[in-house]
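Participant: make a model of this:
(one chain, ligands or ions: 1)
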Amino acid sequence: MEVVITSSPDEIGRLGAEAVVQLVSRKPDAVLGLATGSSPVGLYDHLARRVREGEISLRQCSAFLLDEYVGLPEGHPERYRTVIERDFVSKVDIPSAAVSGPDGLAIDIPEACAAYEQAIEDAGGVDLQILGIGSDGHIAFNEPGSSLASRTRIKALTSQTRIDNARFFGGDLEEVPTLSLTQGIGTIMDARHLVLIASGAHKAEAMRNAIEGPVSAMCPGSVVQLHPHVTVILDEAAAVDLTFASYYREAWAAKPKWQGF
Ligand code: GLP
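Facilitator: Take a look at the predicted model:
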């Protein structure tokens with residue numbers, strides 16, 4: 001696990017985008033795993049700039065969303081499929097049709113979840129999965145207690161997550177759905193490279209538990225410790241509780257240039 005402590009949220013975005021650029025440069029038809037929420041917005045903006053400047057193209061890429069609210073109507077501004085269109089697809093050159101998300105409006109939810117797993121498999125699996133983390137340690141919508149082997153399924157949100165996400169719904173908790181469809185932790189772990197990003201003091205506890213705590217279903221983010229290729233990028237505020245911070249800084253400073261992400 002590589003832990004990179006940066007000076008600012010903008011630097012998180014720059015480095016995260018660099019990881020994607022390095023991948024797409026060697027594999028133009030890469031399969032990307034996309035996260036929603038505020039954490040990846042800077043990364044998407046940096047990526048958009050590099051696409052605009054003609055450095056890379058995502059035209060041949062495809063992408064899968066981590067999760068989706070259940071029941072938000074098509075076109076709802078906070079439906080994750082809409083959010084990703086706004087935050088990512090509209091800014092880069094990936095075809096909109098090449099981006100998929102779990103179907104939060106499906107009548108047969110177990111079938112929709114199985115179909116989503118199949119679609120990821122048919123695409124050859126995710127090459128690089130961008131991950132944020134919830135203040136309660138969740139990744140995607142895998143809340144504490146989620147099976148570390150779980151696959152895409154329906155999952156109830158904790159009240160903490162609903163409170164955290166109410167800011168996207170005009171602060172109205174009642175408007176935040178209670179159910180989601182989410183890639184399972186096992187699904188996420190199948191991606192070939194995980195890039196976990198976090199900024200701000202409100203993520204410090206979750207990041208300490210994820211990176212340095214025991215691997216536990218009580219902190220779903222801690223499962224990244226079992227993955228062979230993980231890049232964690234966080235800012236000083238989110239890194240404040242890390243015991244081993246000075247070593248992470250030394251290792252980053254000593255990293256050979258040829259190694260890349
Ligand atoms: C949300 C999403 C996650 C996201 C996390 C953190 O509920 N389902 O995929 O990583 O919570 O969100 P944010 O980046 O806005 O803090």
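
Participant: neighbours of Ala112, how many?
Facilitator: Per other CB atoms under 10 Å, the neighbour tally for Ala112 reads 18. Every residue, glycine included, has its C-beta placed from N, CA and C.

Participant: what do you get for His193?
Facilitator: A count of nearby residues for His193, using other CB under 10 Å, gives 21.

Participant: who does it form a beta bridge with?
Facilitator: The partner list for His193 in beta bridges (DSSP bridges) reads Leu128.

Participant: pretty sure it is touching Phe261, no?
Facilitator: Yes: counting by CB atoms under 8 Å, Phe261 is a contact partner of His193 at 7.3 Å.

Participant: would you mind listing what in the stretch 101-250 of the chain touches the ligand?
Facilitator: Remark: the part of the stretch 101-250 of the chain in contact with the ligand comprises Gly132, Ile133, Gly134, Ala140, Phe141, Thr161, Asn165, using CB under 6 Å from any ligand atom.

Participant: for the stretch 151-261 of the chain, what spans make up the strands?
Facilitator: Shown for the stretch 151-261 of the chain, the strands assigned by DSSP state E, counting those that start in this stretch span residues 153-156, 179-182, 193-198, 230-235.

Participant: before we move on, back to that, for the ligand, state which of the residues of the stretch 101-250 of the chain next to the ligand is nearest.
Facilitator: Of all these, the one with the least separation from the ligand (CB to the nearest ligand atom) is Gly132, at 2.4 Å.

Participant: list the contacts of that closest one.
Facilitator: Gly132 sits next to Ala35, Gly37, Ser38, Ser39, Pro40, Ile139, Leu196, Ile197, Ala198 when contact means CB atoms under 8 Å, 6 or more residues apart in numbering.

Participant: returning to that earlier point: what residues are shared contacts of His193 and Phe261?
Facilitator: Listed contacts common to His193 and Phe261 are Ala19, Leu23, Thr231; contacts here mean CB under 8 Å, 6+ apart.

Participant: dump the residues you listed to TSV, plus neighbour count and pLDDT.
Facilitator: Shown next, in TSV, are the shared contacts of His193 and Phe261 (neighbours: other CB atoms under 10 Å; pLDDT from 0 to 100):
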residue	neighbour count	pLDDT
Ala19	21	98
Leu23	22	98
Thr231	19	98
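
Participant: turn those into CSV, including distance to Val92.
Facilitator: Putting the shared contacts of His193 and Phe261 into CSV (distance: CB to CB, whole Å) gives the following:
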residue, distance to Val92
Ala19, 15
Leu23, 14
Thr231, 20
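
Participant: find the centremost residue of this structure, please.
Facilitator: Centroid-nearest residue in the chain, with CA atoms, centre = their mean: Leu131, separated by 2.2 Å.

Participant: still on that earlier bit, for Ile5, state which of the contacts of Gly132 is nearest.
Facilitator: Distance to Ile5, by CB to CB, is smallest for Ala198 among the contacts of Gly132, at 10.8 Å.

Participant: right, I'll call it a day here.
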